[in-house]
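> just the structure for this:
(one chain, ligands or ions: 1)
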Amino acid sequence: MPFYHKLGQLPHKRHTQFRKPNGELYREELMGLEGFSSIQSILYHNFLPPRVKHTEDLGSRLPETVDFGPIRHRAFRTADAPLGTDPVAARIPLLANRDVILGVARASQSMDYFYRNAQAYETWWVHEGSGILKSQFGNLKFRKGDYIVIPFGTAWQMHIDGNDARFFTIENPSQIEPPKRYRNEFGQMLEHAPYSERDIRVPEKLETHTERGEFEVRIKVRDSLSKHVLDYHPFDVVGWDGYLYPWIFNIEDFEPITGRVHQPPPVHQTFQAHNFVVCSFVPRLFDYHPDSIPAPYNHSNVNSDEIIYYAEGDFMSRKGIDRCDISMHPYGLAHGPQPGMTEASIGKKETKELAVMVDTFYPLNLTGHALEYEKPEYMSTWLEGTGE
Ligand SMILES: [Fe+2]
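Numbers count the residues shown, from 1 in each chain. As a prediction, the model looks like this:
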C-alpha cells in the first residue's frame, strides 16, 4: 500500500543490533518488490528465515487452458461450483493469461497449513462469509464485500467462520494498487478519488509465535507448488514496518461517481495492476439528464477482454445472467444491452447492482472448468426481437 505502517517492536535504526530478552539477536529480513526498487517492509524474526527442515514438490499449478473456438460472448455459472476444503485448495481457476488468473473458491474449512505465493499478488473478493486472514504482518478480519489484497512473499493462513465462504479470486504477477490518477506524487489519495486511506484496513494485531515443532508452508513459485516443513512457527515476527503488507478495502466503501449522462467504466475503477484493471459496480443513483439513458451504450472494447462477476442485484444491462455468474465480453466484437434493456432502463432512478469487473489488456484463455460452467445460450440473448 502507498502508506507506511508498523506493528510490534522495532529497533530505532535499521540494520542495528536488536536483541531478545535473553540477549540473542532477532533476525532481520527485508521483504521488497522489484529487487530493492519498489515497496518493501523490514521484519524482525525470532528464528532464521532460511531454515527449512524438509522440502517436497507438490506439482504444477499452471492453469490448463483449452482452445477458445470462434470469438463470441460467453458466460459461466459459478453458483454451483463445488464446495471445497480450505480456501486455497478450493480455488478453481477459470480464466488466465500471463498477467492474471481469475477464479472462484467455495471453502468449507480453515487452513491448517500456511501458504505463500512467491510469484503473484492475490486478491480475494469475499462474496459470502467472513473470517480472519492471519499473516506474519498480523491479523485482518474480513467480511462480505472485502477485497483482501495479499502481496507476493507474504506467508498467510485464512480462517473462515462457518463452513461456506465464497470468493472471486484474482492472482497476478504484478502489484495491485489504487490507480495512479487517484494519488498525488507522494502517493496520497486525492479528493476526486472514490475512496481514501481511511477506507483501507491494515493489520492491527500482531501475534508472535515462538513455539517449535513441524509447520507446513506451501509455496507457489515457478508455476509450481512446493511444500516446506519448518521447525518453527512461520508467524515468528516480533515487529515490522514498511509499505508491504496485506490490506483490505470493502466494496461498500467505494463512493460511486455519477453524472447527468451515462458515465464510462473508468469511473468504477478501483485498482490497477500490470495489463489489467479492477472496477467495482456498486448501488448508485442513475443519470439525471431529463433524456438520459441509464443503460450503457454499445461498445467495442478494443484491446480489453471484459470480465464481470455478478454478486448482487439486477444488473441493468444484462439478460441471462444470474447471481455468481461471470460474463466474458472478449475484444474483437461489440457488446451492449440485450434487446429491450435500453428502453427498460429509461426513467429508472437507481440501481442496486453489485459486481466486480476485471478488464484485461490481452486476451484471456479458458480453463476446462470454465467450459464445464459455461452457459452456451448467452451469445443468443442478443437475438430476441427484430434487432432494431
Ligand atoms: Fe462493457
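
> mind saving the C-alpha coords of stretch 11-25 as PDB?
Taking Å, rounded to 0.1, in the frame of the first residue of the first chain, the C-alpha atoms of stretch 11-25 are listed here in PDB:
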ATOM      1  CA  PRO A  11      14.900  -1.000  16.900                       C
ATOM      2  CA  HIS A  12      15.400   2.700  16.400                       C
ATOM      3  CA  LYS A  13      17.800   2.300  13.500                       C
ATOM      4  CA  ARG A  14      17.600  -0.200  10.600                       C
ATOM      5  CA  HIS A  15      20.300  -2.900  10.500                       C
ATOM      6  CA  THR A  16      21.500  -2.400  14.100                       C
ATOM      7  CA  GLN A  17      21.600  -4.900  16.900                       C
ATOM      8  CA  PHE A  18      18.100  -5.800  18.100                       C
ATOM      9  CA  ARG A  19      18.100  -8.300  20.900                       C
ATOM     10  CA  LYS A  20      15.600 -10.700  22.600                       C
ATOM     11  CA  PRO A  21      15.200 -10.500  26.400                       C
ATOM     12  CA  ASN A  22      17.700 -13.400  26.600                       C
ATOM     13  CA  GLY A  23      20.400 -11.400  24.700                       C
ATOM     14  CA  GLU A  24      20.200 -13.300  21.400                       C
ATOM     15  CA  LEU A  25      19.700 -11.300  18.200                       C
END
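
> pLDDT of it, averaged?
Mean pLDDT, computed over stretch 11-25, is 98.

> check stretch 125-139 too.
98.

> please look at residue 359 and residue 279 and confirm they touch.
Yes - Residue 359 is in contact with residue 279 according to C-beta atoms under 8 Å; the separation is 7.0 Å. To be clear about C-beta, it is placed using only N, CA and C from the backbone, and glycine gets the same treatment.

> what touches both of those two?
Taking C-beta atoms under 8 Å, 6 or more residues apart in numbering as the criterion, residue 359 and residue 279 both touch residue 265.

> ok, residue 312 - contacts?
Residues in contact with residue 312 (C-beta under 8 Å, 6+ apart) are 323, 352, 353, 354.

> any idea how far residue 144 is from it?
For residue 312, the distance to residue 144 (C-beta to C-beta, to the nearest Å) stands at 10 Å.

> quick one: buried residues of stretch 207-226?
By 16 or more other C-beta atoms under 10 Å, the buried positions in stretch 207-226 come out as 208, 215, 216, 217, 218, 219, 220, 225, 226.

> nope, stretch 73-85 is what I was after
Judged by neighbour count (16+ other C-beta under 10 Å), stretch 73-85 contains these buried residues: 73, 74, 75, 76, 77, 78, 81, 84.

> in CSV, list these along with distance to residue 191 and secondary structure.
Shown next, in CSV, are the buried residues of stretch 73-85 (distance: C-beta to C-beta, whole Å; DSSP: H, G, I helix; E, B strand; the rest coil):
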residue, distance to residue 191, secondary structure
73, 38, coil
74, 39, strand
75, 38, strand
76, 38, strand
77, 41, strand
78, 37, coil
81, 40, coil
84, 43, strand
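
> show me which of those is closest to residue 308.
Closest approach to residue 308 among the buried residues of stretch 73-85 (C-beta to C-beta): residue 75, at 9.3 Å.

> who does that closest one bridge with?
Here residue 75 sits in beta bridges with residue 327, going by DSSP bridges.

> who touches it in this structure?
320, 321, 325, 326, 327, 328, 374, 375, 378.

> cool, and residue 101?
Applying C-beta under 8 Å, 6+ apart, we find residue 101 in contact with 63, 93, 95, 120, 169, 170, 171, 172.

> go again with 6 Å.
Residue 101 makes contacts with 63, 93, 171, as judged by C-beta atoms under 6 Å, 6 or more residues apart in numbering.

> how close does the first one get to residue 241?
Put plainly, it is residue 63. Distance check for residue 63 against residue 241: by C-beta to C-beta, it reads 36 Å.
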